Structures are given as C-alpha cells and as structure tokens.
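**Student:** I'll drop the sequence and a predicted model, then ask my questions.
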Amino acid sequence: MKPALFTLSGKVAIVTGGNGGIGLGMARGLAEAGADIAVVGRDAAKSTAAVAELARIGVRAISVVADVTDQAAVATMAARVAGELGRIDILVNNAGINIRKPPHALDIAEWNRVIQTNLTSAFLCSQAVYPAMKAAGGGKIVNIGSMMSIFGASFAPAYAASKGGIVQFTRSCACAWAADNIQVNAVLPGWIDTDLTKRARQEIDGLHDRVLQRTPAARWGEIDDFGGIAVFLASPASDFVTGTAIPVDGGYSIMG
Ligand code: NDP
C-alpha cells in the first residue's frame with residue numbers, strides 16, 4: 001500500500017539546533033506528524049526542555065549533546081540515534097550562527113567559525129547519516145539556508161557565503177543520492193523571530209521596521225511557520241522534489 005502523503009509515524013528525525021528557534025518549530029511539526037525526534041545541540045538544559053515538550057506530543061524524543069562542527073562528535077551522535085531510536089530517516093541541518101561584521105573587520109577565526117557551524121556541519125551530518133539512509137532504502141535531508149542564500153549583506157559576509165554554499169551543497173547531494181532514493185532540499189527562511197534575530201534587531205538600527213515594510217505578509221515569521229515545510233520535505237508528499245531551495249519568507253524574496 002502507498003504510504004499516506006504526510007504521515008511520519010515509524011520514522012526517526014534528527015534536527016540539529018532543534019532545541020530552540022526554527023529547529024524547534026520544525027521538530028514540533030515532524031513530531032505532530034508522528035516522527036520520533038533526536039534534538040542535537042550544545043546546550044543540554046535547552047535540549048532537555050525541548051525533548052520534554054516533544055515527548056508530550058506523544059513521540060519518542062531524545063537529546064544528543066554534540067557540537068556539529070566536530071566530526072567525531074557527529075559520528076557518535078548518528079550512532080547513538082540509530083542505536084536508541086532504531087533508524088535514521090530524516091535529517092534537518094538547521095544549526096547556525098552569525099557574526100555581524102563587514103568583510104574588512106571579520107577575522108579568520110570568526111570566518112571559520114561561521115562557515116564550520118553553518119556549512120561544514122551540514123556536510124558532516126549528511127555524510128554521517130548517509131549509510132543508514134541508503135541501507136533503509138531512502139531518506140530525506142532538509143538544509144536551512146537564508147534570504148542570504150540569495151541576497152548579499154554588508155554585515156554578514158561569512159554568513160551569506162555559508163548560506164549560498166548550503167544551496168549548492170543541497171543540489172550536489174540531491175544529484176549524488178537520488179539513485180539511493182534520498183531527497184535533499186533547502187529551506188530559505190525570511191526574517192523569523194528567534195534568539196538569533198533578537199540580537200540582530202538590537203545590533204542593526206531600524207531592522208525591525210525595514211523587515212516589516214519589505215515583507216508582503218507584513219509580519220515577522222514565527223517558528224511554527226516551519227512545521228508545514230518540514231513535514232512536506234520529510235514525507236512521501238515530496239518524493240519527486242529534490243535539490244530545491246524553497247523560501248518560507250512571507251514573500252520577502254519576491255518583493256521588488
Ligand atoms: P537560534 O539561535 O534560535 O538557534 C540556533 C540553533 O543552533 C540553536 O539551537 C543552537 O543550539 C544550535 N547550534 C549553534 N551552533 C551549534 C553547534 N556548533 N553545534 C550544535 N548546535 C549548534 O537561531 P534560529 O532558529 O534563528 O536559526 C536556525 C537556523 O535558521 C540557522 O541556520 C539560521 O542561520 C537560519 N535562519 C534564521 C533566520 C531567522 O530570521 N531567524 C533567517 C534565515 C535563516 P545550542 O546553543 O544548544 O548549541
């Protein structure tokens with residue numbers, strides 16, 4: 001029998017940075033569709049709280065404390081998820097940071113930190129889960145880009161480079177792993193109300209109002225705006241969708 005389009009019961013999802021912000025919004029959506037969830041982050045207390053919330057939805061949820069820039073920690077994380085939850089079907093590469101400085105002020109350590117957290121981590125995690133997905137006969141990988149996958153920003157050279165890179169990495173994995181029935185897509189969030197952008201709103205004068213003016217939906221996004229796209233890209237509903245980069249931005253990217 002064909003599986004129901006948007007049902008994820010029996011599936012296991014890893015969400016990096018799933019303990020808060022957009023990652024938690026996606027984890028909630030996946031859990032509500034029936035997936036068991038592994039939340040990956042560095043902050044154990046935040047992850048424990050997120051796991052408790054997800055378990056209340058009625059799925060199995062575990063916290064794996066790991067730094068996604070550390071290859072050995074990522075390998076251990078994937079082995080733990082496969083061991084404790086039994087399989088790996090879905091990976092959301094969502095962990096991310098920004099360091100807001102113009103290119104002439106950013107030092108090499110800062111550049112490396114942003115690229116490693118936002119881009120290299122997606123490579124490490126995707127490579128770590130690939131054998132399990134291939135052995136299971138398929139899988140779904142969702143990478144989180146940004147409006148800066150499309151636009152430049154004077155205050156975010158490493159961030160924009162990492163998010164542009166995420167789109168090309170997505171396309172490359174989609175080509176490489178289509179034969180294994182693994183679909184790989186990117187989501188490009190607009191301006192979303194999270195800890196990350198709370199800091200941006202404090203640091204960048206007028207940002208809050210500029211985003212409102214430029215966004216046709218006339219509001220900042222909420223983390224629960226990401227449940228639907230996560231379920232779509234993680235479920236059989238998207239089995240012929242691969243290599244795309246889908247804006248979830250209230251129309252920000254189509255506003256002239
Ligand atoms: P948050 O700061 O709320 O969440 C970031 C998450 O990443 C945290 O859960 C954090 O967990 C995790 N994280 C960061 N570094 C690491 C690391 N080295 N290892 C493991 N986990 C890590 O931000 P958002 O929810 O806003 O951002 C989520 C994603 O969405 C990012 O990729 C961001 O670039 C992207 N995005 C956000 C937009 C927005 O407007 N908010 C717009 C466009 C894209 P912990 O602290 O426990 O490590």
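**Tutor:** Perfect, thanks for sending it.

**Student:** show me what the helix or strand that contains residue 24 is packed up against.
**Tutor:** Using DSSP states H and E, residue 24 falls within helix 21-32. For helix 21-32, the elements it packs on are strand 12-16, strand 36-41, helix 44-57, strand 90-93, strand 139-144, helix 227-234, judged by 3 or more C-beta pairs under 8 Å, 6 or more residues apart in numbering; DSSP states H and E. For the C-beta atoms, the positions are set from N, CA and C on the backbone; glycine is no exception.

**Student:** relative to the ligand, which of these is closest?
**Tutor:** Closest to the ligand of the helices and strands packed on helix 21-32, according to C-beta to the nearest ligand atom: strand 36-41, at 2.9 Å.

**Student:** the closest one versus strand 12-16: what angle between them?
**Tutor:** Computed by axes from the mean of the first three to the mean of the last three C-alpha atoms, to 10 degrees, the angle separating strand 36-41 from strand 12-16 equals 20 degrees.

**Student:** how about strand 36-41 against the ligand, any contact?
**Tutor:** Yes - contact of strand 36-41 with the ligand (C-beta under 6 Å from any ligand atom) involves 40, 41.

**Student:** same thing with stretch 81-94?
**Tutor:** Yes - shown here: stretch 81-94 in contact with the ligand (C-beta under 6 Å from any ligand atom) through residue 94.

**Student:** buried residues in that stretch, which are they?
**Tutor:** The neighbour-count check on stretch 81-94 (16 or more other C-beta atoms under 10 Å) flags 81, 82, 85, 88, 89, 90, 91, 92, 93, 94 as buried.

**Student:** need the max-distance pair from those residues.
**Tutor:** Greatest spacing in those, by C-beta to C-beta: 82 and 94 (19.6 Å).

**Student:** residue 156 touches residue 148, doesn't it?
**Tutor:** Yes - look at residue 156 against residue 148 with C-beta atoms under 8 Å: they come within range, at 6.0 Å.

**Student:** so between these two, which is more surrounded?
**Tutor:** residue 156 (23 against 19; other C-beta atoms under 10 Å).

**Student:** fine by me, we can end here.
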